[in-house]
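**Q** Sequence first, then the predicted structure, then my questions.
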Amino acid sequence: MKKLQVMNILSHEVREILAKERLDYALLQEIRLRIGHPIILCYGGKERVQKEIVTQDMVRETLDFVSNYSLYAYENELRQGFITVEGGHRVGMAGQVILENGHVKNLKQIASLNIRISHEILNCSNALFPYITKERCLYHTMIISPPRCGKTTLLRDLIRQISDGNRWVKGCNVGVVDERSELAGCYQGIPQNHMGMRTDVLDGCPKAEGMLMLIRSMAPQVIAVDEIGVLEDVQAIRYAMNCGCKMLATVHGDSVDEIKRKPLFGQLIQEQAFERYVVLKNGRSVGEIAGIYDENVQLIYREKDYD
Amino acid sequence: MTKWIGSILILVASSGLGICQSQELKKHLDELEALQKLFYMLKSELQYTRAPFAELFEKIGNKMEKPYSVWLLNLSRRLREKGTGSFWEIWCLSIAEDMQVLYLKKEELEELKNVGKSLEYTESLELYMEQMEYRITHTRKAYETKRKLYRSMGIMGGIFLVILLL
């Protein structure tokens, strides 16, 4: 399935080259195409440089397939630099930027493509549930993690399990604001990743505005957002909490103390708006839990051998 | 007796020929107007939804009548299949295969092919639609003047032939 989805967006020449490689698509992480340079694969954590050189035609045809021959239809996505395709895989692009009033409007003459294969890890959030729920209800939870430590993957699995329900939490309506199409990996509005049966996704919507829209339209019991970072997001979180929604949010950072020092979040922590803080670290493996803290920032759980 | 029957047959045939000629003009006009309607729909869908071509062609194809529906639905299928060739090549191929049975002139088919080069730009669509408007006005005028001419020429030609032969 994954193989078919990836093959479908590659130019015929690249397909033939990859077919010769006999790849296991569960291990394939990235395919990089740069005009005039060899095709580079990121496979099982290692780089594999192919001998074939990427031509302009290869990139053009791949772009045609990625955008269904309609690059104009993806202007909003191109502004962010990537398009999400069927299966939740992301195609990142680089080329010449078109500016309008000093802001990025679009991309032209695209010369580099990076196809990132989506890998969801089901049940990766199981260990968290005993600490972030009470009487089968979720606490307001903030996930703090440096980049590439699996916070989006963790959040996605939390959403799925909260939405479907498990022994720790009663299944409830979850509203997801997926600003960068990372969580649900929507293709034509339909989530390509498992998001649970009670999940509504607002795809490509700014977080603050999206949270308010969801509260008005879908009456969610839990709202999930990825990578909060600006004042509007924090204000919308306060509003959502006042409306009785449980918040599930992720933020970039190394520790609760670091987040506490940021003026934007410091006050939130002081007010004890969030009841649980989950801190991730990239130690021995991706998505390792460095600690779970309560509303008073007291450690309540730490993975074994982690000191 | 045979002379009379022959004369009537000649008259019927020649006036039929005249009517056929004027009908062809009418069909040409109808086709241009249908194509204009199709491009109006395409333009407004493009501006409003910005959906990919395959989706747009399918949507408009379902609203149009044959042969345009066949053309657009086949085109949409071809785009989804992701075969070889650029968008324009697929566009031209589909015109060559599904739009040949029409009364459109060669240069009109060429214009239709060329608009596929930059279909996503509203300006290019508008330019094409202006050309189309001009062609429609021109064809309508020609139809109105030539319709009567063809019909009377048919009948008059028949009478002339009958007189000549009698």
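**A** Perfect, thanks for sending it.
**Q** Residues of chain B that sit close to chain A?
**A** Residues of chain B found near chain A (C-beta under 8 Å from any C-beta of the partner chain) are B:46, B:50-55, B:79-80, B:82, B:84, B:86-87, B:90, B:120. All C-beta spots, glycine's among them, are computed from the backbone N, C-alpha and C.
**Q** Which helix runs longest in chain A?
**A** If you go by DSSP state H, chain A has its longest helix at helix A:151-164.
**Q** Past that one, which element shows up next along the chain?
**A** Sequence-wise, the next helix or strand downstream of helix A:151-164 (DSSP states H and E) is strand A:174-178.
**Q** Tell me the strands beside that following strand, with direction?
**A** Partners of strand A:174-178 in the sheet, by DSSP bridges, are strand A:199-203 (parallel), strand A:222-225 (parallel).
**Q** How far away from the center of its chain is that strand?
**A** Strand A:174-178 sits 12 Å away from the centroid of its parent chain (C-alpha atoms, centre = their mean, to the nearest Å).
**Q** Same question for stretch B:60-73.
**A** 14 Å.
**Q** likewise stretch B:112-130?
**A** The answer for stretch B:112-130 is 17 Å, by C-alpha atoms, centre = their mean.
**Q** Can you measure across it, start residue to end residue?
**A** Counting by C-alpha to C-alpha, to the nearest Å, you get 13 Å between the two ends of stretch B:112-130.
**Q** how about that stretch: buried residues?
**A** Of the residues in stretch B:112-130, B:Leu112, B:Lys113, B:Val115, B:Gly116, B:Leu119, B:Leu125, B:Tyr128, B:Met129 count as buried by neighbour count, 16 or more other C-beta atoms under 10 Å in any protein chain shown.
**Q** Out of those, which comes closest to chain A?
**A** B:Leu119 (9.2 Å; C-beta to the nearest C-beta).
**Q** Where helices are concerned, which of the buried residues of stretch B:112-130 count?
**A** Members of the buried residues of stretch B:112-130 lying in helices (criterion: DSSP H): B:Leu112, B:Lys113, B:Val115, B:Leu125, B:Tyr128, B:Met129.
**Q** Just send the residues you listed back as JSON lines, with distance to B:Tyr150 too.
**A** What follows is those, written out as JSON lines (distance: C-beta to C-beta, whole Å):
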{"residue": "B:Leu112", "distance to B:Tyr150": "27"}
{"residue": "B:Lys113", "distance to B:Tyr150": "30"}
{"residue": "B:Val115", "distance to B:Tyr150": "31"}
{"residue": "B:Leu125", "distance to B:Tyr150": "34"}
{"residue": "B:Tyr128", "distance to B:Tyr150": "30"}
{"residue": "B:Met129", "distance to B:Tyr150": "29"}
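**Q** Would you check which pair of the residues you listed lies furthest apart?
**A** Pairwise distances across these peak at 15.7 Å for B:Lys113 and B:Met129 (criterion: C-beta to C-beta).
**Q** next one: the host helix or strand of B:Met156 to chain centre, how far?
**A** Using DSSP H and E, B:Met156 maps to helix B:122-165. Relative to the centre of its chain, helix B:122-165 is centred 13 Å away, using C-alpha atoms, centre = their mean.
**Q** Point out the other helices and strands that that helix packs with.
**A** Counting contacts by 3 or more C-beta pairs under 8 Å, 6 or more residues apart in numbering or on different chains; DSSP states H and E, helix B:122-165 packs against helix B:2-49, helix B:106-115.
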